[in-house]
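> Pasting a predicted model and its sequence here:
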Amino acid sequence: MTYEIPTFLPEPTSTQTKNGKDGYGQVQRSVETRWVLNPEEEGVPTVFVRLTTFHWPERKVYSTLMTWGTHQPAKGSSVFSVETWGSDHKSVRVHTSRVARHSLNAMQDHHTEAMAIITEDFGKGVVEEIFAEAAERNGLLVTEEA
């Protein structure tokens with residue numbers, strides 16, 4: 001597949017909100033927007049860029065981080081899928097705001113503000129570099145040879 005680095009922020013593939021406890025009783029509070037770079041390819045890991053807003057209760061802030069990763073769906077009789085992220089993946093903290101206490105609406109508003117920031121800054125720095133690194137390191141960029 002040939003992937004072209006976008007010149008403007010594309011429409012997201014999905015947005016998911018978590019606000020409650022998971023199956024193990026741990027508090028999950030986040031809003032995540034994903035852009036899948038290779039949606040139609042089968043049999044290879046899905047490459048995605050994600051923008052995640054999370055509540056950091058110890059610091060009393062909402063913080064939004066943008067990075068990339070891969071997702072390998074379950075194969076055969078396995079019920080487990082694998083999602084990877086590495087500390088060597090390019091990432092950027094897009095937006096942080098102080099909060100007195102958690103509110104779902106406030107967290108969603110913070111995420112919307114972060115989306116506006118990356119939309120405005122696209123083409124000027126690290127945001128498009130994250131898309132480029134994800135595509136390049138996963139073999140999605142094909143250079144034309146003359």
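Good, I have the coordinates.

> can we go C-alpha only for contacts and neighbour counts from here?
Will do.

> quick one: residue 80 from residue 14, how far?
21 Å (CA to CA, to the nearest Å).

> Quick one: the strands in this structure, in order.
The residue ranges that make up the strands of the chain, judged by DSSP state E, are 14-21, 27-36, 46-56, 61-72, 82-84, 92-98.

> who wins for proximity to residue 139 among the ones you listed?
Nearest to residue 139, of all these, is strand 46-56, at 10.1 Å by CA to CA.

> Now the closest one: buried residues?
Neighbour-count burial for strand 46-56 flags 46, 47, 48, 49, 50, 51, 52, 53, 54, 55 (criterion: 16 or more other CA atoms under 10 Å).

> got it, and stretch 98-113?
The neighbour-count criterion (16+ other CA under 10 Å) identifies 99, 102, 107, 108, 110, 111 as the buried residues of stretch 98-113.

> Check what pLDDT the last one gets.
The per-residue pLDDT reported for residue 111 equals 96.

> For it, which non-adjacent residue is closest in space?
Across the structure, with CA to CA, 6 or more residues apart in numbering as the measure, the residue nearest residue 111 apart from its sequence neighbours is residue 53 (5.8 Å).

> Report the beta-bridge partners for the one you found.
According to DSSP bridges, the partner residues bridging residue 53 are residue 31, residue 64.

> who's in contact with the helix or strand bottoming out on mean pLDDT in the chain?
Evaluated with mean pLDDT, DSSP states H and E, the helix-and-strand set of the chain has its lowest mean pLDDT in strand 82-84, which scores a mean of 81. When contacts are taken as CA atoms under 8 Å, 6 or more residues apart in numbering, the neighbours of strand 82-84 outside the stretch itself are 69, 70, 71, 72, 73, 74.
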